[in-house]
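Asks: make a model of this:
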Amino acid sequence: MKKILAFAGSNSSTSINQQLLNNITERLAGHEVQHLKLTDYPLPIYSVDKEKVEGFPMHLKILLDKISVSDALVIAVNEHNGAPSAFFKNTIDWLSRLDRNFLSEKEILLISTSPGARGAKSSLDYTQNIFGRFGGKVLESFSFPSFNDNFQDGKVINEVLDMGIEDVVTTFAHQIEA
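Replies: Prediction:
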């Protein structure tokens, strides 16, 4: 059994990425999944000056510790204007300053969704690219398109997308067990 930490990069209380994340983590039977809300770890906007004067925020150290003790991560990235939200990017900026390899040896399932047909694919691609710089290994990724048309009451209602997610989750689970 692996310890999996799951969180969404959104600070919205009604995040569709959080809803998709919940659906996906329910499929990870046989693993210990801990859900985390990044909004419980508030961080100021990153600034070198702020870092020099105030050091690293305590919430940041707690967040890094939770990442460090996990075996794998499931992360849902949101998209604002074709990129990860400033909220999520700020969290990554702080984490990488505290420990450049904050994702060292972490196996990652990366997902994204949006109301649009691309399913936050630009944000997913950006995040997948930068996670390698911090030591992370994205084993699987999935972009879920047109959330409002394909997801309802906590369930994927598009059969083809549901099969795709099931395949990605099953493959990820087998890879982290190896």
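Asks: ok, the closest residue to residue 140 other than its chain neighbours - contacts?
Replies: Take residue 140 and drop its neighbours on the chain: the residue closest to it by C-beta to C-beta, 6 or more residues apart in numbering is residue 172, 4.4 Å away. Yep, even glycine has a C-beta here, placed from its N, CA and C like the rest. Residue 172 makes contact with 72, 74, 107, 109, 139, 140 under the criterion C-beta atoms under 8 Å, 6 or more residues apart in numbering.
Asks: which stretch of helix or strand covers residue 172?
Replies: Secondary structure assigned from DSSP states H and E places residue 172 in helix 159-177.
Asks: residue 61 now?
Replies: Assigned by DSSP H and E, residue 61 belongs to helix 58-68.
Asks: can you name the next helix or strand after that helix?
Replies: Using DSSP H and E, the helix or strand that follows helix 58-68 towards the C-terminus is strand 72-77.
Asks: for that following strand, C-alpha coordinates in PDB please.
Replies: Provided in PDB are the C-alpha atoms of strand 72-77 (Å, rounded to 0.1, in the frame of the first residue of the first chain):
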ATOM      1  CA  ALA A  72       3.100   9.400  -4.800                       C
ATOM      2  CA  LEU A  73       1.000  12.400  -5.700                       C
ATOM      3  CA  VAL A  74      -2.300  13.000  -7.600                       C
ATOM      4  CA  ILE A  75      -2.500  16.600  -8.600                       C
ATOM      5  CA  ALA A  76      -5.300  18.400 -10.500                       C
ATOM      6  CA  VAL A  77      -4.200  21.600 -12.200                       C
END
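Asks: name the SS class of the nearest residue to residue 95 once chain neighbours are set aside, please.
Replies: With sequence-adjacent residues excluded and distances taken as C-beta to C-beta, 6+ apart, residue 95 is closest to residue 102, at 4.5 Å. Assigned state for residue 102: coil (three-state reduction, DSSP: H, G, I helix; E, B strand; the rest coil).
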